[in-house]
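K.L.:
what would the 3D arrangement of this be:
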Amino acid sequence: MSLKTILLIILFIWGIPSTYFRSRFRKIVYQTDDWKINIKPVFFKEIKALFINFFPEDSEYIKIRNYYRVYLVIYLIIFIFYYIA
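P.N.:
Below is the predicted model:
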């Protein structure tokens, strides 16, 4: 197996939990428990919430946001290695 194939498999496997992290994060940001928030294409508030502290008093938001940030950074690093390889 080539390095590019291995990195593609790693990207695929690493992408599986993204639905869980994104769902939890979006439910906090948009303040809803509705499952339809996962399929709606509303991104601007979500992207701002990644970089700006929308709810400074909400420890759950901060915890989920930080996990999601780390997850996305690792995803980006894997993607960059895949692109370069």
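
K.L.:
tell me what whichever helix in the chain runs longest is packed against?
P.N.:
Counting by DSSP state H, the longest helix found in the chain is helix 59-84. Counting contacts by 3 or more Cβ pairs under 8 Å, 6 or more residues apart in numbering; DSSP states H and E, helix 59-84 is packed against helix 3-15, helix 18-29, helix 44-51. In this view, the C-beta of every residue, glycine as well, is placed from N, C-alpha and C.

K.L.:
go again using 6 Å as the cut-off
P.N.:
In terms of contacts (3 or more Cβ pairs under 6 Å, 6 or more residues apart in numbering; DSSP states H and E), helix 59-84 is packed against helix 3-15, helix 18-29.

K.L.:
now render those as CSV, adding mean pLDDT, distance to residue 64 and mean neighbour count.
P.N.:
CSV is the format used below for those (pLDDT from 0 to 100; distance: least, Cβ to Cβ, whole Å; neighbours: other Cβ atoms under 10 Å):
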stretch, mean pLDDT, distance to residue 64, mean neighbour count
helix 3-15, 93, 18, 13
helix 18-29, 91, 5, 16
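
K.L.:
may I see these arranged in a markdown table, with distance to residue 66 as well?
P.N.:
Putting the helices and strands packed on helix 59-84 into a markdown table (distance: least, Cβ to Cβ, whole Å) gives the following:
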| stretch | distance to residue 66 |
| --- | --- |
| helix 3-15 | 18 |
| helix 18-29 | 10 |
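
K.L.:
and residue 81, which of these is closest to it?
P.N.:
Residue 81 lies closest to helix 3-15 among these, at 5.7 Å (Cβ to Cβ).

K.L.:
how about the closest one as PDB, C-alpha atoms only?
P.N.:
What follows is helix 3-15, C-alpha atoms only, in PDB (Å, rounded to 0.1, in the frame of the first residue of the first chain):
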ATOM      1  CA  LEU A   3       1.500   6.300   1.700                       C
ATOM      2  CA  LYS A   4      -1.300   8.200  -0.100                       C
ATOM      3  CA  THR A   5      -3.600   5.200   0.200                       C
ATOM      4  CA  ILE A   6      -2.800   4.800   3.900                       C
ATOM      5  CA  LEU A   7      -3.400   8.500   4.500                       C
ATOM      6  CA  LEU A   8      -6.700   8.300   2.600                       C
ATOM      7  CA  ILE A   9      -7.800   5.500   4.900                       C
ATOM      8  CA  ILE A  10      -6.800   7.500   7.900                       C
ATOM      9  CA  LEU A  11      -8.700  10.500   6.700                       C
ATOM     10  CA  PHE A  12     -11.800   8.400   6.200                       C
ATOM     11  CA  ILE A  13     -11.600   6.800   9.600                       C
ATOM     12  CA  TRP A  14     -10.800  10.100  11.300                       C
ATOM     13  CA  GLY A  15     -13.800  11.700   9.600                       C
END
